[in-house]
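Peer 1: Sequence first, then the predicted structure:
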Amino acid sequence: MRQKEAVPDSGSNELWMVHFVSPRNPIDRGYYEHQADIALPADGELTREACEFEVLAKQLELGGLIPGFPDAIQRHYSPRPAIIAQDVPRVDFSKRLSLCGVIFRRSEFEEAGAFKMVIHGRPDLQFEDLLAWDSDNVSAEYIAFRNADFDMDRVLGLSLHIPRSPFSSLGVMVDDDEQAAIISSILTKRYLALRQYMPSFRYVRSQLKRIFIVVKRCSERAPSHRPDILGLQDFERRAAVSPQADLLRCKVAVDSAIADARWAARKYMDRLDGTLWPDHCYRTMFIDFVLGTDPVSRFLEFTNGVTSVDDGVAPGRFRFELDIDDWCSPADQRFMFEEACAALEARLGLGFFVRTYAE
């Protein structure tokens, strides 16, 4: 049984803009030369021929819009990578092959540093219904790539739900109900995966709850909640974050267990003395457990709260992160992690154990 969905208020008296994402274009690789074999950070995040929806979904996972994403992130030649948005009432949605994009208030986009010069260095290219934004703004925030395997692991972008987002609410525009369900799953998973010790977790949680999904309304379907936005009369609006009640109960249980485990390990913090420990005596410890079919295990798997460990020793073993492995000296690490395991077991009823890996 789902919770009653509270659809965020879109605001009826303000002008909104839409930024449509672009699909992969291997020809535009962001350098002076057009070479399709030059690697970019987005290569580790997307398939080779990613469509507009995949590009949109990935930026929502990363937490923000990135100028030039995915194939012009490092473009040095004109035009400079920018996020272009158009006033919603001026868009002819019937002529677009894909509607995948993000909508936001024009006033908030302007406050974030958006400007009318659509192409950098061309003051003659200014339009009343278009605004552009690039990373040379105080509102720019570093957005980290998750699968980068080279030096460039983060770039400046425009935050959507990570800290410093300029938007009080925003909408995600998709083509159909299937895409809407996928976006809802991505953002709901992100919401449930937030842990109380994470920086700015309350802010991120509130931002996620303010996001809504906009999808074209089918004529044969019964009327639903329509966006109170000029130009979107033929669309309907849905809540993006809509966790089921059983998932919320599991989240409460996991959050309480993590709080107890971190409190049990807290006393070892006093033993830090700033000493650089020699490499030969340093060990890294992790809390592992075997994933089951119980509700808590399913919750952790759904929210990516655990990571699979495939070392051929114990198949099906998963790692449970508490972010406490640097709190104490190597001599105290095992005691600290064993107490944390005991606290987790007492709360969740699962078998946790400590594993040691030589650095």
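Peer 2: Yep, that arrived. Residues are numbered from 1 along each chain as shown.
Peer 1: Let me know the secondary structure of the most centrally placed residue in the chain.
Peer 2: Among the residues of the chain, residue 61 comes closest to the average C-alpha position under C-alpha atoms, centre = their mean, at 3.0 Å. Under the three-state scheme (DSSP: H, G, I helix; E, B strand; the rest coil), residue 61 adopts helix.
Peer 1: Excluding residues flanking it in the chain, which one is nearest it?
Peer 2: Spatial nearest neighbour of residue 61, chain neighbours left out: residue 186 (5.9 Å); criterion: C-beta to C-beta, 6 or more residues apart in numbering. (Glycine included, C-beta is placed from N, CA and C.)
Peer 1: just to confirm, which helix or strand has that neighbour in it?
Peer 2: Per DSSP states H and E, residue 186 falls inside helix 177-193.
Peer 1: Give the buried residues for that helix.
Peer 2: 179-180, 182-184, 186-193 (16 or more other C-beta atoms under 10 Å).
Peer 1: residues in contact with that helix?
Peer 2: 53, 56-57, 60-61, 100, 161, 172, 174, 205, 208-209, 211, 213, 215, 238-243, 247-248, 251, 299, 302-305 (C-beta atoms under 8 Å, 6 or more residues apart in numbering).
Peer 1: Give me the helices and strands touching the helix or strand following that helix, please.
Peer 2: Heading C-terminal from helix 177-193, the first helix or strand you meet, by DSSP H and E, is helix 201-209. Judged by 3 or more C-beta pairs under 8 Å, 6 or more residues apart in numbering; DSSP states H and E, helix 201-209 is in contact with helix 177-193.
Peer 1: what angle do the helix it packs on and helix 201-209 make?
Peer 2: With axes from the mean of the first three to the mean of the last three C-alpha atoms, to 10 degrees applied, the angle from helix 177-193 to helix 201-209 works out at 170 degrees.
Peer 1: on that earlier part again, the contacts of helix 177-193 in helices, which ones?
Peer 2: Using DSSP state H, the members of the contacts of helix 177-193 that fall in helices are 53, 56-57, 60-61, 205, 208-209, 247-248, 251, 299, 302.
Peer 1: low pLDDT regions in the stretch 1-150 of the chain?
Peer 2: 1-12, 30-37, 78, 148-150 (pLDDT under 70).
Peer 1: run the last query once more with 50
Peer 2: Residues of the stretch 1-150 of the chain meeting the criterion pLDDT under 50: 1-4.
Peer 1: hey, where'd the helices end up in it?
Peer 2: 52-62, 106-111 (DSSP state H, counting those that start in this stretch).
Peer 1: In the longest one, which residues are buried?
Peer 2: Of the residues in helix 52-62, 52, 53, 54, 55, 56, 57, 58, 59, 60, 62 count as buried by neighbour count, 16+ other C-beta under 10 Å.
Peer 1: want to throw those residues into a markdown table with distance to residue 117?
Peer 2: Conversion of these to a markdown table gives the following (distance: C-beta to C-beta, whole Å):
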| residue | distance to residue 117 |
| --- | --- |
| 52 | 25 |
| 53 | 30 |
| 54 | 30 |
| 55 | 25 |
| 56 | 25 |
| 57 | 30 |
| 58 | 28 |
| 59 | 23 |
| 60 | 28 |
| 62 | 27 |
